[in-house]
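Task: produce atomic coordinates for the following.
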Amino acid sequence: MTHPTDATDTSLDNACTRQEYEVSRQDLPLSCPSLEQKLWNSHPRVYLPIEETGTAVCPYCSALYRLVD
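Okay, the predicted model is just below:
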């Protein structure tokens, strides 16, 4: 069994590979990197407030998140 952030888990995306992400309300609470991304090669997970403005920028990697619904 592998840990959910394991580098060998092929079901997870690499973290911090894109600069813009679209997310929906079902993805909240929003974190960067997301739960579907590997942590081994990334910055610490940080939770981003996106509900009020519809956008959020990660303070570590500058990825922009847009709420689409």
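
can we go C-alpha only for contacts and neighbour counts from here?
Will do.

All the strands of the chain, residue numbers only.
Per DSSP state E, the chain carries strands over the ranges 20-23, 30-32, 46-48, 55-57, 64-67.

Out of the ones you listed, which is the most enclosed?
strand 30-32 (a mean of 21; mean count of other Cα atoms under 10 Å).

quick one on the thing from earlier: quick one: closest of the strands of the chain to residue 10.
Across the strands of the chain, residue 10 has its closest neighbour in strand 30-32 (18.9 Å, Cα to Cα).

Against residue 8, how distant is residue 30?
If you measure residue 30 against residue 8 using Cα to Cα, to the nearest Å, the figure is 24 Å.

which intervals of the protein have sub-threshold pLDDT?
Residues of the chain meeting the criterion pLDDT under 70: 1-7, 14-18, 40-41.

repeat that with 50
Applying pLDDT under 50 to the chain flags residues 1.

Dump the C-alpha coordinates for stretch 55-69 into CSV.
In CSV, the C-alpha atoms belonging to stretch 55-69 read as follows (Å, rounded to 0.1, in the frame of the first residue of the first chain):
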residue,chain,number,x,y,z
THR,A,55,-10.2,33.6,-7.4
ALA,A,56,-7.2,32.8,-5.2
VAL,A,57,-3.5,32.8,-5.7
CYS,A,58,-1.2,30.4,-4.0
PRO,A,59,1.4,32.3,-1.9
TYR,A,60,4.1,29.6,-2.6
CYS,A,61,3.8,28.8,-6.4
SER,A,62,1.7,31.7,-7.6
ALA,A,63,-0.9,29.3,-9.2
LEU,A,64,-4.2,31.1,-9.9
TYR,A,65,-7.4,29.3,-9.0
ARG,A,66,-10.8,30.3,-10.5
LEU,A,67,-14.1,29.2,-9.1
VAL,A,68,-16.2,28.2,-12.1
ASP,A,69,-19.6,27.5,-10.4
